[in-house]
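Peer 1: Sequence first, predicted coordinates after that:
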Amino acid sequence: MKCEWVQENILLHIYNELPDDARYELEQHVSRCTDCAAELKAARQLHATLSQFPVQEPSPNLITASRMRLQEELETTEQGGFWQRLVFDPGAWLRPIKLAPALAAAIFIMGFAGGIGATYQVMNGRNPVDLSAAATPTESSITGIQSISQQPGSSQISIRYNTVSTQEAQGSLNDQRIQQLLLFATRNNYNSGVRMDSVDLLTQTPNDTRVREALLYALRYDSNPGVRLKAIEGLGSYVKNDVRVRDAVLEALVNDSNPGLRTQALHLLEPVRADSSVRVVLQKLAENDQNLYIRTQARNVLSQMSEID
């Protein structure tokens with residue numbers, strides 16, 4: 001993989017738009033290339049800075065001007081085939097309806113009924129969403145997560161999230177809609193408290209592949225040490241059997257800026273201390289790590305390994 005490709009796709013990686021295989025290759029390349037690693041770090045810092053600003057809704061004047069420009073472009077565009085006319089010029093295929101008054105009246109009645117239904121839904125948009133009837137939200141339709149709460153002594157979770165207006169979803173941790181919103185909150189929310197709540201809840205179901213991916217992402221990339229600590233606690237039981245989790249914990253042990261999280265990572269790696277990659281890292285830490293506690297603990301683990309050998 002070339003550096004040019006990596007740098008062209010860094011933004012897609014940050015916004016989680018790369019396929020899993022491409023993302024894995026990019027992460028492997030960045031771990032070996034200092035220039036690309038610096039580029040990725042700078043892009044993440046810019047993304048974190050921009051995420052602190054609220055999303056601004058476009059003004060009515062801007063929307064009107066954009067629609068006028070779009071209409072002008074459509075009027076001057078050369079006419080295409082049947083399907084293109086069907087999409088961009090519905091009036092062209094609706095004109096014959098004026099010759100069929102009964103059909104036109106039926107279409108009018110259907111549109112009027114649909115408008116009433118849409119108005120009713122908007123007026124009731126602030127009520128909690130009925131999970132049995134609601135569709136699973138997509139990341140592109142969500143602008144942010146406002147809050148996450150769990151009812152005491154219950155498995156019921158309430159999530160307030162924003163689309164065009166604030167909505168609320170309620171259900172158990174097993175509900176697909178709740179899981180989708182929690183996964184979204186771990187990666188795409190400027191509020192660290194909301195991210196921590198979502199990661200904390202997701203650690204209850206780490207067997208889910210999507211959940212484990214979200215916890216790995218939080219451990220590697222979240223800017224809040226509390227969120228990262230929650231993530232590594234949820235991944236702890238998989239260090240022994242999942243190589244990707246083990247590698248992520250090793251990365252945290254070597255690179256994380258929080259001493260408490262590094263200490264937690266060191267303790268989680270003790271059951272797999274005989275692994276060659278773990279032993280190499282421990283030897284480096286024992287020789288020259290700046291943190292005295294980490295250096296001492298690494299030496300203790302290595303000495304225990306020597307006694308067993």
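Peer 2: Structure received.
Peer 1: what residue ranges in this protein score low on pLDDT?
Peer 2: Applying pLDDT under 70 to the predicted model, the residue ranges of the chain that meet it are 1, 55-56, 58-65, 67-69, 71-72, 74-141, 143, 164-165, 188-190, 306-309.
Peer 1: in it, which spans are strands?
Peer 2: In chain order, the chain shows strands spanning 128-129, 144-150, 156-162, 166-172, with DSSP state E as the criterion.
Peer 1: now these in a markdown table, with distance to residue 202 and mean neighbour count?
Peer 2: For the C-beta atoms, the positions are set from N, CA and C on the backbone; glycine is no exception. A markdown table is the format used below for these (distance: least, Cβ to Cβ, whole Å; neighbours: other Cβ atoms under 10 Å):
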| stretch | distance to residue 202 | mean neighbour count |
| --- | --- | --- |
| strand 128-129 | 20 | 16 |
| strand 144-150 | 11 | 18 |
| strand 156-162 | 11 | 19 |
| strand 166-172 | 14 | 17 |
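Peer 1: So which of these is nearest residue 207?
Peer 2: Closest of the strands of the chain to residue 207 is strand 166-172, at 16.1 Å (criterion: Cβ to Cβ).
Peer 1: Let's have the strands of the chain in a markdown table, adding distance to residue 240.
Peer 2: Output for these, formatted as a markdown table (distance: least, Cβ to Cβ, whole Å):
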| stretch | distance to residue 240 |
| --- | --- |
| strand 128-129 | 40 |
| strand 144-150 | 29 |
| strand 156-162 | 30 |
| strand 166-172 | 30 |
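Peer 1: Of all those, which one is nearest residue 246?
Peer 2: Ranked by Cβ to Cβ, the member of the strands of the chain that lies closest to residue 246 is strand 144-150, at 29.2 Å.
Peer 1: Mind giving me the packing neighbours of the closest one?
Peer 2: If you count contacts as 3 or more Cβ pairs under 8 Å, 6 or more residues apart in numbering; DSSP states H and E, strand 144-150 packs onto strand 156-162, helix 176-187, helix 192-202.
Peer 1: Rebuild the ones you listed as JSON lines, extending it with distance to residue 33.
Peer 2: Written out in JSON lines, the entries for the helices and strands packed on strand 144-150 read as follows (distance: least, Cβ to Cβ, whole Å):
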{"stretch": "strand 156-162", "distance to residue 33": "37"}
{"stretch": "helix 176-187", "distance to residue 33": "24"}
{"stretch": "helix 192-202", "distance to residue 33": "28"}
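Peer 1: nearest to residue 213, of those?
Peer 2: Ranking the helices and strands packed on strand 144-150 by proximity to residue 213 (Cβ to Cβ) places helix 176-187 first, at 8.5 Å.
Peer 1: before we move on, the earlier item: compare the helices and strands packed on strand 144-150 and give me the one nearest residue 246.
Peer 2: Smallest distance to residue 246 across the helices and strands packed on strand 144-150 (Cβ to Cβ): 19.4 Å, for helix 192-202.
Peer 1: Which positions in that closest one come out as buried?
Peer 2: Of the residues in helix 192-202, those buried by neighbour count under the rule 16 or more other Cβ atoms under 10 Å are 194-202.
Peer 1: before we move on, what about stretch 172-180?
Peer 2: Taking 16+ other Cβ under 10 Å as the neighbour-count basis, stretch 172-180 is seen to contain the buried residues 175, 177-180.
Peer 1: any idea which of those is closest to residue 275?
Peer 2: residue 179 (32.1 Å).
Peer 1: ok, that closest one touching residue 173?
Peer 2: Yes - look at residue 179 against residue 173 with Cβ atoms under 8 Å: they come within range, at 7.2 Å.
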